[in-house]
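Colleague: here's a sequence, model it:
(one chain, ligands or ions: 2)
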Amino acid sequence: MVKKMEKINDVVFIEGLGYDSNIYLIGDVIVDTGTGMNQDYVFSEIKKAGMDPAEISHIVNTHCHFDHVGGNPLFEADISIHALDAPALENADSNAILGAMFGKSPTPMEVKTKLQEGDKVAGFEVIHTPGHTVGGICLWDGETLISGDTVFANGGFGRMDLGGSPSDMMRSLEKLNGLDVEYLLPGHGPWVENGRQHIRWAYEMLRGMG
Ligand SMILES: [Zn+2]
Ligand SMILES: [Zn+2]
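Modeller: Ligands and ions are numbered 1, 2, ... in the order given. Have a look, this model is predicted:
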């Protein structure tokens, strides 16, 4: 089956295969890299988008979990991740990265840029959204939200027992609920239009649990 390339404005959507996170391409910037276990698939998707994988100059990781950072070593690219999740990569902290869950022992990675709230990457603004991990981020351009494992389509949100906390998640969803999101591009599952509604569902779901 040949899948057509999906593009949301300037963002190319590469659906995660197996345990891989979804991957997003914005020009020569790649947002999350999957586990690294499906290199042929990921590289062929990048080529379908008209990019040479060797030309990717910059990796932005939404958080430190292995299903999002495991593919980083496949690229000769600078890594950016929030300052609070950076030590997990630098120290190859298997607990924080969830190496065992994926049957891998991570190797240390150099982090070039330690992101903070309000930083700009590839025309997107960094929003710090802890709750799933301490240094989780979303990327926001005023219309499109790349949401990592903070919030998913249909009212889903990230697990809070893998390095995060429910009170942080509550504050993060509250923050995202204030944005007028059209396209929600999550770390797993489908991307959706009318993202604001999906975020509202997640926010109300978590509030109902508390
Ligand atoms: Zn994930
Ligand atoms: Zn995660």
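
Colleague: and the helices in the chain?
Modeller: Along the chain, counting by DSSP state H, helices occupy 39-48, 66-69, 86-90, 94-97, 166-177, 195-209.

Colleague: for residue 148, which of these is the nearest?
Modeller: Residue 148 lies closest to helix 66-69 among these, at 7.1 Å (CB to CB). Backbone N, C-alpha and C define where each C-beta goes, glycine included.

Colleague: how close does residue 175 sit to residue 98?
Modeller: According to CB to CB, to the nearest Å, residue 175 and residue 98 sit 25 Å apart.

Colleague: list, one by one, the residues from this protein near ligand 2.
Modeller: With the criterion set to CB under 5 Å from the ion, the chain comes near ligand 2 through 65, 149.

Colleague: number of nearby residues for residue 71?
Modeller: 25 (other CB atoms under 10 Å).

Colleague: meant to ask about residue 123, not that
Modeller: Using other CB under 10 Å, residue 123 has 15 other residues around it.

Colleague: quick one, what contacts it?
Modeller: Going by CB atoms under 8 Å, 6 or more residues apart in numbering, residue 123 touches 10, 26, 141.

Colleague: kindly recompute the last result at 7 Å.
Modeller: Contacts for residue 123 were tallied using CB atoms under 7 Å, 6 or more residues apart in numbering; they are residue 141.

Colleague: can you tell me how far it sits from residue 62?
Modeller: In terms of CB to CB, residue 123 sits 16 Å off from residue 62.

Colleague: before we move on, back to that, so which of the helices of the chain is nearest residue 156?
Modeller: helix 195-209 (6.4 Å).

Colleague: neighbours of the residue nearest to residue 155 when sequence neighbours are not counted, how many?
Modeller: In space, and not counting its chain neighbours, residue 155 is closest to residue 201: 3.1 Å by CB to CB, 6 or more residues apart in numbering. Neighbour count for residue 201, taken as other CB under 10 Å: 16.

Colleague: does residue 201 touch residue 156 like I think?
Modeller: No: contact between residue 201 and residue 156 fails when scored by CB atoms under 7 Å: they sit 8.5 Å apart.

Colleague: in stretch 50-63, what counts as buried?
Modeller: Across stretch 50-63, burial judged by 16 or more other CB atoms under 10 Å covers 51, 53, 56, 58, 59, 60, 61, 62, 63.

Colleague: equivalent analysis for stretch 76-91, please.
Modeller: Buried residues in stretch 76-91, counting neighbours by 16+ other CB under 10 Å, are found at 77, 79, 80, 81, 82, 83, 84, 85, 86, 87, 88, 89.
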